[in-house]
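# no FASTA, just this:
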Ligand SMILES: [Cu+2]
């Protein structure tokens, strides 16, 4: 007895939809924009974080306000190598708040920290 058995070759092609998880861009950074916005028309920021003035040189027009951030444990003093000049335009002990200095006369001003004589910077004020 010959029995033909139809062979149903059900070829099931399972299409696995491989959803490749989108690699969330590895370069996404949340670096804070540091664009001041302190309301004054001209302003610069100098950071004392890390035990140095950054930037170490700054050229600004007369009337520019410079905000020294991270000043806790430092001073912002006109002078050099930790020693103030006579009658400094600024000689401030840092604290919780930034030290804000308006440079209203042209000239070249050396700025130092009396606590860390290695901290020095130069601000050139152009009239
Ligand atoms: Cu210092």
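Received, thanks. For clarity, every value in this text was computed on a predicted model and none was experimentally measured.

# okay, CA-based contacts and neighbour counts for the rest of this
Noted.

# which residue packs closest to the residue of the chain found nearest the ion, ignoring adjacent ones?
Closest residue of the chain to the ion, C-alpha to the ion: residue 74 (3.7 Å). Nearest non-adjacent residue to residue 74, counting by C-alpha to C-alpha, 6 or more residues apart in numbering: residue 94, 5.3 Å away.

# Return the residues in contact with that neighbour.
71, 72, 73, 74, 75, 76 (C-alpha atoms under 8 Å, 6 or more residues apart in numbering).

# Let's see that with 7 Å instead.
Residue 94 is in contact with 71, 72, 73, 74, 75, counting by C-alpha atoms under 7 Å, 6 or more residues apart in numbering.

# Need the buried ones from those residues selected in ChimeraX.
Of these, the buried ones can be selected in ChimeraX as follows, counting by 16 or more other C-alpha atoms under 10 Å:
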select :71,74,75
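
# farthest-separated two in the contacts of residue 94?
Across these, no pair lies farther apart than 72 and 75, at 8.0 Å, counting by C-alpha to C-alpha.

# low-confidence ranges in the chain?
Residues of the chain meeting the criterion pLDDT under 70: 1-41.

# For it, which segments count as strands?
Secondary structure of the chain by DSSP state E: the strands cover 43-47, 57-61, 64-69, 75-80, 83-84, 91-93, 99-103, 107-112, 120-126.

# Tally up the residues packed near residue 70, please.
20 (other C-alpha atoms under 10 Å).

# That one and residue 47 touch, don't they?
Yes - counting by C-alpha atoms under 7 Å, residue 70 does reach residue 47; the two are 5.9 Å apart.
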